[in-house]
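In: predicted coordinates and the sequence they were generated for:
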Amino acid sequence: MALIVQKYGGTSVANPERIKSLAARVARYKALGHQIVVVVSAMSGETNRLISLAKEIMPDPDPRELDVMVSTGEQVTIGMTALALMELGIKAKSYTGSQVKILTDDSHTKARILSIDEHHIKQDLDDGYVVVVAGFQGVDANGNITTLGRGGSDTTGVALAAALKADECQIYTDVDGVYTTDPRVVPEARRLDKITFEEMLELASQGSKVLQIRSVEFAGKYKVKLRVLSSFEEEGDGTLITFEEENTMEQPVISGIAFNRDEAKITVLGVPDKPGIAYQILGPIAEANVDVDMIIQNTGADGTTDFTFTVHKNEMNKALSILRDKVQGHIGAREINGDDKIAKVSIVGVGMRSHVGIASQMFRTLAEEGINIQMISTSEIKIAVVVDEKYLELAVRVLHKAFELEAA
Ligand code: ADP
Ligand code: ASP
Ligand code: MG
């Protein structure tokens, strides 16, 4: 007997038929004697619909109230899932995040899980129930409903698996595993039987939406056995996230390509080059709880420096007004610009460690297509570039080919 957490994403609970098919799978696992915890997302499109509704009333919705609204999507699907299980004669009980007590910090719309009270769930499992938990939501220390950021149900699933010391966390989605890149953009993309945790972490952090990054972080921290599978197919082992690296000789140099359309670039031009400038620019941005991704600073011959960084598109205007109102005069910057027509493309692979020339191969491939690189950032197992968003798909396709990632 194993304890398995199964997380089902939006398309896997998109309508009553899909929920019935989910219940049938759970029933099969239950019949084998396993204990099952199900985590569900809202029906596909529902979270977007709720956000749009909020925006019709307040263009930049208050985050606490937005969380109250968007968390309802998952409250509907936990009830439906429990009902579908009951219809199959399976004892089932649903819980919202706050009922479980998935305690988070108070950063509404992007809260972090602090702890999970697993006691009720354990008791229910021992009493023979399938426990159905709402993904994406939690509760802060003051009882406010919080949400974990888009795609956050993955994190609920893995965090629950960690708290329950589950044998496996299965992420059911609309593709049958993790591919070399998004198969919707590159049809030749190839499914990977396994991928290392480190690579998955980079792919997720660089924008592969197949797993939310925090779910991969949890899996790494608590060594959760994590697998991505299709909810549309009964067979198949999907992709296993592994903690051991293969012999590097056999390891492909590049395992996957990620991309991200959600970032915007902010450039602070003509800043006097002296100590403390990075802090004076980014300090107020951090205080406003705006996450910064890439950062580049370039000092020119005239002794001034240009400072460029990227933030989430949704936060570009907020960051620009902080800089223009509080920072520009203070540091004497000449000009501050924002550009949200950018995209980031990243190649990822642990094999990069033992190979040279990967960056130049990437840059040459892009140059041959006339794609200009605006920013570059690297880590030991990743090279990321920012390009004009209109070249995104072309860049991903040519890199996928250049690094021979297609199906054999
Ligand atoms: P869910 O609603 O089940 O959480 P998501 O839409 O969040 O599903 O994630 C699954 C989607 O992730 C796929 O439909 C696919 O388009 C996209 N995706 C992006 N990169 C990859 C990749 N490397 N491998 C597989 N899917 C990917
Ligand atoms: N329903 C939420 C979203 O659309 C959470 C999730 O699907 O994981 O982002
Ligand atoms: Mg998702």
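Out: Cool, the structure landed. Ligands and ions are numbered 1, 2, ... in the order given.
In: ok, Ala163 touching Lys122?
Out: No - the pair Ala163 / Lys122 is not scored as a contact, 9.5 Å apart, by Cβ atoms under 8 Å. C-betas here are computed from N, CA, C, even on glycine.
In: now stretch 350-357: average pLDDT?
Out: Stretch 350-357 shows a mean pLDDT of 88 in the predicted model.
In: which stretches of the stretch 101-250 of the chain form strands?
Out: Secondary structure of the stretch 101-250 of the chain (DSSP state E, counting those that start in this stretch): strands at 102-104, 113-116, 130-134, 137-139, 145-147, 168-173, 194-196, 226-230, 239-242.
In: can I get those strands in a markdown table with mean pLDDT and mean neighbour count?
Out: What follows is the strands of the stretch 101-250 of the chain, written out as a markdown table (pLDDT from 0 to 100; neighbours: other Cβ atoms under 10 Å):
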| stretch | mean pLDDT | mean neighbour count |
| --- | --- | --- |
| strand 102-104 | 98 | 24 |
| strand 113-116 | 98 | 17 |
| strand 130-134 | 98 | 28 |
| strand 137-139 | 98 | 27 |
| strand 145-147 | 98 | 27 |
| strand 168-173 | 98 | 24 |
| strand 194-196 | 94 | 21 |
| strand 226-230 | 97 | 22 |
| strand 239-242 | 96 | 21 |
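In: turn those into JSON lines, including distance to ligand 2.
Out: Listed next are those as JSON lines, based on distance: least, Cβ to the nearest ligand atom, whole Å:
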{"stretch": "strand 102-104", "distance to ligand 2": "13"}
{"stretch": "strand 113-116", "distance to ligand 2": "14"}
{"stretch": "strand 130-134", "distance to ligand 2": "10"}
{"stretch": "strand 137-139", "distance to ligand 2": "9"}
{"stretch": "strand 145-147", "distance to ligand 2": "8"}
{"stretch": "strand 168-173", "distance to ligand 2": "10"}
{"stretch": "strand 194-196", "distance to ligand 2": "20"}
{"stretch": "strand 226-230", "distance to ligand 2": "13"}
{"stretch": "strand 239-242", "distance to ligand 2": "17"}
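In: can you check the pLDDT for the residue of the stretch 101-250 of the chain found nearest ligand 2?
Out: For the stretch 101-250 of the chain and ligand 2, the shortest gap (Cβ to the nearest ligand atom) falls at Ser153, measuring 3.2 Å. pLDDT recorded at Ser153 is 98.
In: give me the nearest residue to Ile371, chain neighbours excluded.
Out: Counting by Cβ to Cβ, 6 or more residues apart in numbering, Ile371 lies nearest to Tyr391, which is 4.6 Å off, once chain neighbours are set aside.
In: rewinding a little: tell me which of Ala163 and Lys122 has more neighbours.
Out: The neighbour comparison of Ala163 against Lys122 (other Cβ atoms under 10 Å) goes to Ala163, with 23 against 17.
In: what's the separation between the more buried one and ligand 3?
Out: 20 Å (Cβ to the ion, to the nearest Å).
In: near ligand 3, which residues of the stretch 101-250 of the chain show up?
Out: Gly151 (Cβ under 5 Å from the ion).
In: which positions in the stretch 101-250 of the chain make contact with ligand 1?
Out: Residues of the stretch 101-250 of the chain lying near ligand 1 by Cβ under 6 Å from any ligand atom: 151, 173-175, 178-179, 181-184, 208-210.
In: and the stretch 251-400 of the chain, by the same measure?
Out: When proximity is defined as Cβ under 6 Å from any ligand atom, the stretch 251-400 of the chain approaches ligand 1 at Gly256.
In: okay, helices next: where are they in the stretch 251-400 of the chain?
Out: Using DSSP state H, counting those that start in this stretch, the helices assigned to the stretch 251-400 of the chain run over residues 277-287, 316-322, 328-331, 358-368, 392-402.
In: between the ones you listed, which one is nearest to Leu88?
Out: With distances scored as Cβ to Cβ, the stretch of the helices of the stretch 251-400 of the chain nearest to Leu88 is helix 392-402 (41.9 Å).
In: now the angle from that closest one to helix 358-368?
Out: Computed by axes from the mean of the first three to the mean of the last three Cα atoms, to 10 degrees, the angle separating helix 392-402 from helix 358-368 equals 130 degrees.
In: need the helices of the stretch 251-400 of the chain in CSV (columns: mean neighbour count and distance to ligand 2).
Out: Output for those, formatted as CSV (neighbours: other Cβ atoms under 10 Å; distance: least, Cβ to the nearest ligand atom, whole Å):
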stretch, mean neighbour count, distance to ligand 2
helix 277-287, 16, 24
helix 316-322, 17, 20
helix 328-331, 13, 35
helix 358-368, 16, 31
helix 392-402, 19, 21
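In: dump the residue contacts of the residue in the stretch 1-150 of the chain positioned nearest to ligand 1.
Out: Residue of the stretch 1-150 of the chain nearest ligand 1, by Cβ to the nearest ligand atom: Gly9 (1.8 Å). Shown in contact with Gly9 (Cβ atoms under 8 Å, 6 or more residues apart in numbering): 41, 44, 153-154, 171-174, 231.
In: and if you look at Lys7?
Out: Taking Cβ under 8 Å, 6+ apart as the test, what Lys7 contacts is 38-41, 135, 153-154, 156-158, 169-172.
In: same list, these, but as a markdown table with distance to Arg18 please.
Out: Shown next, in a markdown table, are the contacts of Lys7 (distance: Cβ to Cβ, whole Å):
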| residue | distance to Arg18 |
| --- | --- |
| Val38 | 13 |
| Val39 | 15 |
| Val40 | 10 |
| Ser41 | 11 |
| Gly135 | 15 |
| Ser153 | 15 |
| Asp154 | 18 |
| Thr156 | 19 |
| Gly157 | 17 |
| Val158 | 22 |
| Cys169 | 20 |
| Gln170 | 16 |
| Ile171 | 16 |
| Tyr172 | 10 |
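In: just the ones of those residues in helices?
Out: In helices, judged by DSSP state H, the following of those are found: 153-154, 156-158.
In: that's all I had, so thanks and see you.
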